[in-house]
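Trainee: Give me a model of this one.
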Amino acid sequence: MDPPDATDDAATAAAAASAAAGATAGAKRSRTTEPSSADFYVIGRDIQNRSNHRVSSDLSEDQRFREYFGCSAEIALIVWNLLIQYELLPDEAQIAHHLWALFFMKIYAKEKVTCGAVGGQGGAIDPKTLRKYIWPMIKAIAGLEPYKILFENRFMNDKHNDCLMTVDCTDVRIPERGKKFFSFKFKKSAFRYEVACAILGNAICWVSGPHPAGRMGDLEIFRTGLLHHLDEEERVEADDGYEGEAPLYVCCPGSVTMQDERKKIAGRARSRQETINKRLKQWEILRATFRHDLLHHRDVFVAIVCITQVAIENGEPLFDCNEYEY
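Mentor: As a prediction, the model looks like this:
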């Protein structure tokens with residue numbers, strides 16, 4: 001749906017306000033009118049403090065929404081509907097709170113700045129109000145993991161290859177926690193997460209973590225987790241950090257069994273994995289040093305993985321790797 005013009009009639013704004021406010025006690029699960037992406041644009045523009053201003057083109061409006069909320073209005077709506085479908089929506093949750101949580105993870109500004117922004121034309125909200133709503137919303141989105149991050153999706157478009165997934169780890173900075181958490185990439189403390197995706201399908205299939213970056217390398221994380229979930233004779237495609245399990249469980253470029261003619265398509269498969277990592281790191285909360293309770297960290301990471309998977313399934317797929325055979 002195209003973004004609504006700021007001059008749309010009062011009915012659109014009223015519908016958005018009703019969706020945001022929740023007209024009845026059961027509004028979060030049962031609405032007289034289901035919200036649309038237009039509602040998300042209207043509420044989003046208020047958070048951007050430009051309720052009466054629309055940029056010149058639909059494309060620019062979509063880009064502006066993504067810059068503030070990390071995904072398109074259509075994807076934000078789909079995530080909202082999934083939370084309703086799987087009965088994950090927190091009590092008292094409103095569309096505005098959903099957008100607060102997305103804004104918080106995308107921008108990851110200091111608390112006072114966030115409180116001032118999400119209040120929109122109504123003015124800054126209380127920090128306690130912000131915390132009351134964003135953390136349950138983030139946890140709810142992370143709760144989509146068993147519905148969206150499915151290990152069996154590695155068989156998508158299966159051609160009976162040995163390698164069904166690519167796997168890689170990514171580090172996310174946290175406050176200093178000593179040698180056990182030291183990341184050689186950042187030269188600072190970090191959590192490490194392992195992510196795997198289907199080679200022939202558009203699916204993130206596996207998330208593991210957080211792991212202490214200094215104590216557990218990529219190979220050790222693989223050995224203690226994903227390796228034990230592989231079928232007999234199944235392998236994964238990975239970089240040379242996993243060479244210690246090649247060729248029995250891993251195909252990697254440094255392996256003595258890697259044939260020259262395979263290197264190009266294998267590299268393309270690993271590039272798809274890097275694309276996922278880049279999409280995750282588009283969210284500032286995964287780029288900056290995490291400033292909140294570390295017990296929330298996995299919920300944040302998994303929530304963003306789930307949003308990314310929803311986007312992949314709904315108009316933002318990864319580039320294909322259909323030629324892959326091994």
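
Trainee: now the helices: where do they sit in the stretch 151-300 of the chain?
Mentor: 218-224, 260-280, 297-313 (DSSP state H, counting those that start in this stretch).

Trainee: Please read off the pLDDT at the spatially closest residue to residue 119 that is not a sequence neighbour from the model.
Mentor: Excluding the flanking residues, the one nearest residue 119 by Cβ to Cβ, 6 or more residues apart in numbering is residue 125, at 4.5 Å. In short, each C-beta sits where N, CA and C put it, glycine included. Listed pLDDT for residue 125 reads 94.

Trainee: any idea how far residue 125 is from residue 193?
Mentor: Taking Cβ to Cβ, to the nearest Å as the measure, residue 125 falls 31 Å from residue 193.

Trainee: More neighbours: which of the two?
Mentor: Taking neighbours as other Cβ atoms under 10 Å, residue 125 and residue 193 compare with residue 193 leading, 25 against 18.

Trainee: Spatially, what comes nearest to the more buried one if we skip its sequence neighbours?
Mentor: For residue 193, ignoring the flanking residues on the chain, the nearest one in space by Cβ to Cβ, 6+ apart is residue 209 at 3.5 Å.

Trainee: any idea how far residue 119 is from that neighbour?
Mentor: 34 Å.

Trainee: Just want to know which of these two has more residues nearby.
Mentor: Using other Cβ under 10 Å as the criterion, residue 209 and residue 119 rank with residue 209 on top: 22 against 19.

Trainee: So, low pLDDT: which residues of the stretch 51-200 of the chain?
Mentor: Applying pLDDT under 70 to the stretch 51-200 of the chain flags residues 51-59.

Trainee: tell me the strands in it, going along the chain?
Mentor: Secondary structure of the stretch 51-200 of the chain by DSSP state E, counting those that start in this stretch: the strands cover 163-173, 182-183, 188-198.

Trainee: Could you dump those strands into CSV with distance to residue 297 added?
Mentor: Listed next are the strands of the stretch 51-200 of the chain as CSV, based on distance: least, Cβ to Cβ, whole Å:
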stretch, distance to residue 297
strand 163-173, 7
strand 182-183, 14
strand 188-198, 6
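
Trainee: Compare the ones you listed and give me the one nearest residue 129.
Mentor: Checking the strands of the stretch 51-200 of the chain against residue 129 by Cβ to Cβ gives strand 163-173 as the closest, at 26.9 Å.

Trainee: That closest one pairs with which strands, and in what direction?
Mentor: Here strand 163-173 has these sheet partners by DSSP bridges: strand 188-198 (antiparallel), strand 235-237 (parallel).

Trainee: what is the orientation angle of the first one with helix 260-280?
Mentor: Looking back up the chat, that one is strand 188-198. Taking axes from the mean of the first three to the mean of the last three Cα atoms, to 10 degrees, one finds that strand 188-198 is oriented at 120 degrees with respect to helix 260-280.

Trainee: Now do strand 188-198 against helix 297-313, angle only.
Mentor: Interaxial angle, strand 188-198 versus helix 297-313 (the same axes, to 10 degrees): 30 degrees.

Trainee: Can I get strand 188-198 as CSV, trimmed to CA atoms?
Mentor: These are the backbone C-alpha positions of strand 188-198, laid out as CSV (Å, rounded to 0.1, in the frame of the first residue of the first chain):
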residue,chain,number,x,y,z
LYS,A,188,36.6,-4.9,23.3
SER,A,189,34.1,-7.2,25.1
ALA,A,190,31.4,-8.7,23.0
PHE,A,191,28.7,-11.4,22.8
ARG,A,192,29.0,-13.8,19.9
TYR,A,193,26.0,-15.3,18.0
GLU,A,194,26.0,-18.1,15.5
VAL,A,195,23.5,-17.8,12.6
ALA,A,196,22.8,-20.3,9.8
CYS,A,197,20.7,-19.9,6.7
ALA,A,198,19.5,-22.3,4.0
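
Trainee: Show the pLDDT at residue 246.
Mentor: pLDDT recorded at residue 246 is 86.

Trainee: Could you check how many residues crowd around it?
Mentor: Neighbours of residue 246 (other Cβ under 10 Å): 20.

Trainee: got it, and the one 4 residues further on?
Mentor: Other residues within reach of residue 250 by the criterion other Cβ under 10 Å amount to 23.
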